[in-house]
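Trainee: Sequence below, structure please.
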Amino acid sequence: MRRTKIIATVGPATDKPGVIEKLIHAGVDLFRINYSHQTHEDHERRVKQIRDICAREKIEIGIIADLQGPKIRLERFSSGKVILHEGDIFTIDTSLDKNAGDSDRVGVTYKDLPEDVKKDDTLLVDDGRIVLRVTGISGNKICCKVIIGGELSNNKGINLQGGGLSADAITEKDRVDLAHGVKIGADYFAVSFVRQAGDVMHAKKLIAEHGSNAGIIAKCERAESIDNAEEIIEASDAIMIARGDLGVEIGDAALPPVQKRLIKLAREMDRAVITATQMMESMIDHQIPLRAEVFDVANAVFDGTDAVMLSAETSIGLFPEKVVEAMARICEETEKQRATRVSDHRINQRFEDIDEAIAMSSMYAANHIGAKAIAALTETGSTCLWMSRISSGIPIFAFTRHTSAMRKIRLFRGVYPILFDITHTDPLEANKEIIDTLTEMNVVSDGDIIIITKGDLRGHRGGTNNMKILRVGQSVEHTL
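Mentor: Residues are numbered from 1 along each chain as shown. Okay, here's the model as predicted:
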């Protein structure tokens, strides 16, 4: 069973008849809707389609609503595009009409940009393809010298090398989009351009005010998010390593070690982590990935990422189903390697919570006793998340009565949700039903060992305090 989860972005390419079903069958665990593009009506229609298919096939797929955030873009050129040459003087003017750009100047969406930059700063346009050096600031105008030129068209993004832009992570557009995301039942919200834990807490507050318990994914794509990584991870349910803007701000050569550090840190802090951006970019137009892309996905799996994400590859690409199949194939092959099943997670640390101690003890026992599967009765999925921080080839099945929990759990590496209501079942009968379920799924058979975790108080959050080791087909129970 593939442990690394796959996230696919929906868009025009997935609107074609039958594509969503094919993506689910190919292995998609969560779908992402991108509020940077399309309309609310488009997003609502796509989510309804996903939910209808899931209801028909009796499965649960998570929905991630990705908020645009303060994406800073240049405005438009009257001719649609210009050519900038090395050595040219080019001005960014916040007071210029949004359609009046020319080869000498252009407007910008972020009106406070002159206050955030200083002489000799480097501005990176269109993912760093155009490089501008700030030579001076005068009122609304930022005078620049072109260091690396080229063709520049409308609405291209702009970053400050090294970070330092003060735009709030939650914009007015994000507030409107967040309310819409709650309305259509998003399971996670991805907050863009997070700089500090306060940005995450602000988003949590807004989500709670709308009556939702959706999780928060902090997107690490600013230089400041790396400096404040621990506090951001602590405040979040998961992080996303968004390598596009992040690579522009910190430099492409710095990305690999930063990615490895963030994955390791998130796992150490018991949070989920997503690796994203250009993972299979060539498959937007081609049916097989580049070898470099194969290595990129495999390395993220080796490092312990919970999920790998596809963006344009599935939203506008020509071969959405094939790219998911290719990514699944790479993940599965990588997971066969012993290195992906070895862990010393928290081996020398104290556990502060009883349910975390049970989770860690269960994984230790499972790895050393040769258990075939772990079944965790859970309300929220927390026990399963803790278990999944320990690298192992043993599948973890989350038995929960909440469909909302099932959808969130789909993000956790090596965890598979199953709808199961223990509140109406005798505890001893529940053990039998769990074993019967896993037997019907061909996960276990007579003689196999299975570990079950649960709480004495059924239906209560955070109450896991019980671990049982059972042998399938035998009536004798051994309790630890």
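
Trainee: does the closest residue to I170 other than its chain neighbours sit in a helix or strand, and which one?
Mentor: In space, and not counting its chain neighbours, I170 is closest to H202: 5.6 Å by CB to CB, 6 or more residues apart in numbering. From N, CA and C alone the C-beta is placed, and that goes for glycine too. Using DSSP states H and E, the element containing H202 is helix 197-209.

Trainee: could you say what helices and strands that helix packs with?
Mentor: Counting contacts by 3 or more CB pairs under 8 Å, 6 or more residues apart in numbering; DSSP states H and E, helix 197-209 is packed against helix 172-183, strand 188-191, strand 215-220, helix 229-235.

Trainee: D448 is nearest to which of these?
Mentor: strand 215-220 (33.0 Å; CB to CB).

Trainee: Tell me the strands beside that closest one, with direction?
Mentor: strand 188-191 (parallel), strand 238-242 (parallel) (DSSP bridges).

Trainee: out of the ones you listed, which comes closest to G164?
Mentor: strand 238-242 (18.0 Å).

Trainee: roughly how far out does that closest one sit from the chain middle?
Mentor: Remark: strand 238-242 is offset 5 Å from the chain centroid, using CA atoms, centre = their mean, to the nearest Å.

Trainee: What average pLDDT does it get?
Mentor: In this model, strand 238-242 carries a mean pLDDT of 98.

Trainee: what's the answer for stretch 111-125, then?
Mentor: 95.

Trainee: cool, stretch 213-231 as well?
Mentor: On average, stretch 213-231 scores 96.

Trainee: And it, what's buried?
Mentor: Under the neighbour-count criterion of 16 or more other CB atoms under 10 Å, stretch 213-231 has 214-226, 228-229 buried.

Trainee: what bits of the chain have low per-residue confidence?
Mentor: Across the chain, the ranges flagged by pLDDT under 70 are 340-352, 424-425, 456-463, 475-480.

Trainee: Does the residue most central in space within the chain lie in a helix or a strand, and which?
Mentor: Nearest to the mean C-alpha position of the chain, counting by CA atoms, centre = their mean, stands I274 at 3.9 Å. Following DSSP H and E, one finds I274 within strand 272-276.

Trainee: Strand partners (parallel or antiparallel) of that strand?
Mentor: Sheet pairing for strand 272-276, using DSSP bridges, gives strand 238-242 (parallel), strand 307-310 (parallel).

Trainee: Nearest approach to K183 belongs to which of these?
Mentor: Of these, the one closest to K183 (CB to CB) turns out to be strand 238-242, at 22.1 Å.

Trainee: next structured bit after that closest one?
Mentor: helix 243-250.

Trainee: who touches L123 in this structure?
Mentor: Residues counted as contacts of L123 (CB atoms under 8 Å, 6 or more residues apart in numbering) are I92, V117, V131, L132, R133, V134, I142, C144, I158, N159, L160, Q161.

Trainee: wait, which of those is closest to S282?
Mentor: N159 (24.0 Å).

Trainee: Am I right that the closest one is in a strand?
Mentor: Yes. Under DSSP: H, G, I helix; E, B strand; the rest coil, N159 falls within a strand.

Trainee: picking that back up, using CSV, please lay out the strands paired with strand 272-276 together with distance to Q196.
Mentor: Shown next, in CSV, are the strands paired with strand 272-276 (distance: least, CB to CB, whole Å):
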stretch, distance to Q196
strand 238-242, 13
strand 307-310, 23
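
Trainee: S391: which of these is closest?
Mentor: Short answer: strand 307-310, nearest of the strands paired with strand 272-276 by CB to CB, at 15.2 Å.

Trainee: hang on, S361 packs against M467?
Mentor: Yes. S361 sits in contact with M467 when judged by CB atoms under 8 Å, with a separation of 6.3 Å.

Trainee: between these two, who's got more neighbours?
Mentor: Neighbour count, other CB atoms under 10 Å: between S361 and M467, M467 has more, with 20 against 15.

Trainee: For the more buried one, name its beta-bridge partners.
Mentor: Going by DSSP bridges, M467 forms beta bridges with T453.

Trainee: Need the contact partners of the longest helix along the chain.
Mentor: Counting residues, the longest helix in the chain under DSSP state H turns out to be helix 40-57. Helix 40-57 has contacts (CB under 8 Å, 6+ apart) with 10, 14-15, 20-21, 24, 31, 33, 35, 60-61, 63, 65, 177, 180-181, 183-186.

Trainee: Okay, and which of the residues you listed map to helices?
Mentor: Short answer: these in helices (DSSP H) are I20, E21, I24, D177, H180, G181, K183.

Trainee: So for stretch 364-384, what gets flagged as buried?
Mentor: Buried, per 16+ other CB under 10 Å, within stretch 364-384: 365-367, 371-384.

Trainee: Check the secondary structure at R195 for me.
Mentor: R195 ends up coil, using three-state DSSP.

Trainee: and the gap between the residue nearest to I170 and A235?
Mentor: 10 Å (CB to CB, to the nearest Å).

Trainee: who's more crowded, those two?
Mentor: A235 (20 against 17).

Trainee: what sits against the more buried one?
Mentor: A197, V200, M201, K204, I216, A218.

Trainee: Then Y110?
Mentor: If you count contacts by CB under 8 Å, 6+ apart, then Y110 has P70, I72, T94, L165, A167 around it.

Trainee: Kindly recompute the last result at 7 Å.
Mentor: Y110 makes contact with P70, I72, A167, according to CB atoms under 7 Å, 6 or more residues apart in numbering.

Trainee: hang on, it in a helix?
Mentor: No. Applying three-state DSSP, one finds Y110 to be coil, outside a helix.

Trainee: now the strands for the stretch 251-400 of the chain?
Mentor: Remark: strands assigned in the stretch 251-400 of the chain by DSSP state E, counting those that start in this stretch are 272-276, 307-310, 373-377, 396-400.

Trainee: Next, format those strands as a markdown table and append distance to L290.
Mentor: Shown next, in a markdown table, are these (distance: least, CB to CB, whole Å):
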| stretch | distance to L290 |
| --- | --- |
| strand 272-276 | 17 |
| strand 307-310 | 15 |
| strand 373-377 | 36 |
| strand 396-400 | 33 |
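
Trainee: which stretch among the ones you listed comes nearest N442?
Mentor: strand 373-377 (11.1 Å).

Trainee: which stretch among the strands paired with strand 215-220 comes nearest L84?
Mentor: By CB to CB (comparing all of the strands paired with strand 215-220), the closest turns out to be strand 238-242, at 26.7 Å.

Trainee: how many degrees apart are the closest one and helix 243-250 in direction?
Mentor: Taking axes from the mean of the first three to the mean of the last three CA atoms, to 10 degrees, one finds that strand 238-242 is oriented at 70 degrees with respect to helix 243-250.

Trainee: ok and strand 238-242 relative to helix 197-209, angle-wise?
Mentor: Going by the same axes, to 10 degrees, strand 238-242 makes 120 degrees with helix 197-209.

Trainee: Would you mind writing the CA trace of strand 238-242 as CSV?
Mentor: Coordinates of each C-alpha in strand 238-242 appear next as CSV, following Å, rounded to 0.1, in the frame of the first residue of the first chain:
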residue,chain,number,x,y,z
ALA,A,238,0.7,21.0,8.5
ILE,A,239,3.2,22.9,6.3
MET,A,240,3.7,23.1,2.6
ILE,A,241,7.1,23.6,1.1
ALA,A,242,6.1,25.8,-1.8
